[in-house]
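> mind folding the following:
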Amino acid sequence: MVKGPLHLLQMLEERKRKGLFRSLKNYQHLIDFSSNDYLGFAKKELLQSGISNKGFQSGSTGSRLISGHTAIVEDLENKIAEFHSAEAALVFNSGYDANLGLLSSITSKHDLVLYDELIHASIHDGIRLSLAKSYKIKHNDIEHLKRMLERNTDVAGNIYIVVESVYSMDGDCAPLLELTKVCDNKKIFLIVDEAHAIGVFGKNGRGLCNELGIESSVFARVYTFGKAMGCHGAAVVGSQLLKDYLINYARSFIYTTALPPHSIATIAAAYDLLVSTNTISKLKENIEWFNDLAREKDGFIESKSAIHCRVYGDNNKVNEIENKFEAAGLFVKGIKSPTVKAGSERIRICLHAFNTKEEIKRLIDLL
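Got it, this is the predicted structure:
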């Protein structure tokens with residue numbers, strides 16, 4: 001049996017030596033304070049039973065441009081566009097694919113991308129694949145962004161500002177209202193990843209852009225379905241021009257087999273459930289309850305979202321706390337460097353509509 005190149009083994013040994021080795025583990029038997037299933041939709045019988053009886057075929061048979069485009073995905077994209085008050089929506093196989101395809105295709109070598117330093121890895125990878133010049137901006141620092149814009153007034157092409165409405169590793173929100181004012185220019189376009197805001201903020205979980213009334217001021221919004229929506233896939237939402245462009249140039253859309261009809265139907269059912277459910281209110285009650293209790297503890301990053309982090313600044317300490325929670329029957333993940341910057345290692349807690357107040361109190365008492 002071929003074992004592989006020696007440097008693979010050496011790099012893994014190096015990770016083990018530094019205490020950074022990653023491995024897969026099943027935590028399904030524990031009380032969930034870590035998954036992104038904020039509304040419990042992934043567990044909802046209503047979502048599953050509404051789909052399983054309809055006999056959808058298991059595969060899409062090809063890419064959207066060959067044989068994978070169907071009436072059901074066309075209907076879903078119209079539904080998503082209407083729900084998010086946009087001209088058009090384009091479904092991708094995942095949030096990673098959506099960000100990769102969007103950022104890598106829309107930019108040219110004459111453009112500039114300014115991105116928050118805490119944006120998701122998929123956005124980083126999309127920018128890396130683009131031809132544009134790019135600079136990171138200090139987290140949520142509008143003044144730094146303005147200084148960078150002043151230093152780059154000679155950009156020949158367009159400027160794209162890329163943020164997440166809710167940051168996945170901190171749980172805090174981007175200053176979207178201020179950002180839309182900065183982007184009040186024909187050459188500056190705002191892109192917002194709403195992965196952790198859909199299902200949590202806005203009317204019926206439409207996201208933070210909806211809650212702030214800025215949907216029409218954002219060039220492109222990315223909504224992912226693997227978190228509060230409880231299923232899989234993502235959509236880029238914006239103008240018909242943007243949709244047409246991505247169909248023609250986004251390689252992560254063009255060169256992949258489309259999502260199967262069963263997955264498309266599940267996304268549609270999740271959107272219906274967002275409108276009919278009362279679990280968003282339950283989630284917000286739990287977030288308020290958690291914040292009331294957490295005020296007695298120091299080290300928490302301020303958050304109104306479902307994600308809450310307490311910084312310990314040490315990988316070993318984070319490991320110790322994670323193990324303590326597991327022994328108590330609670331699933332809480334430590335986020336270690338290099339996933340976050342060294343010195344900012346933390347315990348990351350995800351709240352859900354299905355968590356009880358007693359479970360949340362038990363969690364806080366263990367911190």
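> the spatially most central residue of the chain in helix, strand or coil?
Nearest residue to the geometric centre of the chain (Cα atoms, centre = their mean): A195, 3.1 Å. What DSSP: H, G, I helix; E, B strand; the rest coil gives for A195 is coil.
> name the element Y223 belongs to?
In this structure, Y223 is located in strand 220-224 according to DSSP states H and E.
> partners of that strand in the sheet?
strand 188-193 (parallel), strand 234-238 (antiparallel) (DSSP bridges).
> pLDDT of the shortest one, averaged?
Here the mean pLDDT over strand 234-238 is 98, rounded to a whole number.
> what helix or strand is K282 on?
For K282, the enclosing helix or strand under DSSP H and E is helix 279-294.
> with R310 instead?
Secondary-structure assignment from DSSP H and E places R310 in strand 307-311.
> elements contacting that strand?
Packing contacts for strand 307-311, counted by 3 or more Cβ pairs under 8 Å, 6 or more residues apart in numbering; DSSP states H and E, involve helix 279-294, strand 346-350. In short, each C-beta sits where N, CA and C put it, glycine included.
> got a list of what the residue nearest to the centre of the chain touches?
Neighbour list for A195: G95, H120, E164, V166, S168, V222, Y223, T224, K227, A234 [criterion: Cβ atoms under 8 Å, 6 or more residues apart in numbering].
> buried residues in the helix holding K282, which are they?
Buried residues in helix 279-294, defined by neighbour count with 16 or more other Cβ atoms under 10 Å: T279, I280, K282, L283, K284, N286, I287, W289, F290, L293, A294.
> what sits against the first one?
By Cβ under 8 Å, 6+ apart, the residues touching T279 are L39, G40, F41, A353, F354.
> and which of these is nearest F253?
Distances from F253 to these, taken as Cβ to Cβ, are shortest for F41 (24.8 Å).
> the stretch 101-250 of the chain: helices as residue ranges?
With DSSP state H, counting those that start in this stretch as the criterion, the stretch 101-250 of the chain has helices at 121-129, 142-151, 176-182, 208-211, 240-249.
> reformat these as a markdown table; add distance to V332 and mean neighbour count.
Rendered in a markdown table, the data for the helices of the stretch 101-250 of the chain read as follows (distance: least, Cβ to Cβ, whole Å; neighbours: other Cβ atoms under 10 Å):
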| stretch | distance to V332 | mean neighbour count |
| --- | --- | --- |
| helix 121-129 | 22 | 19 |
| helix 142-151 | 33 | 14 |
| helix 176-182 | 29 | 16 |
| helix 208-211 | 25 | 23 |
| helix 240-249 | 37 | 15 |
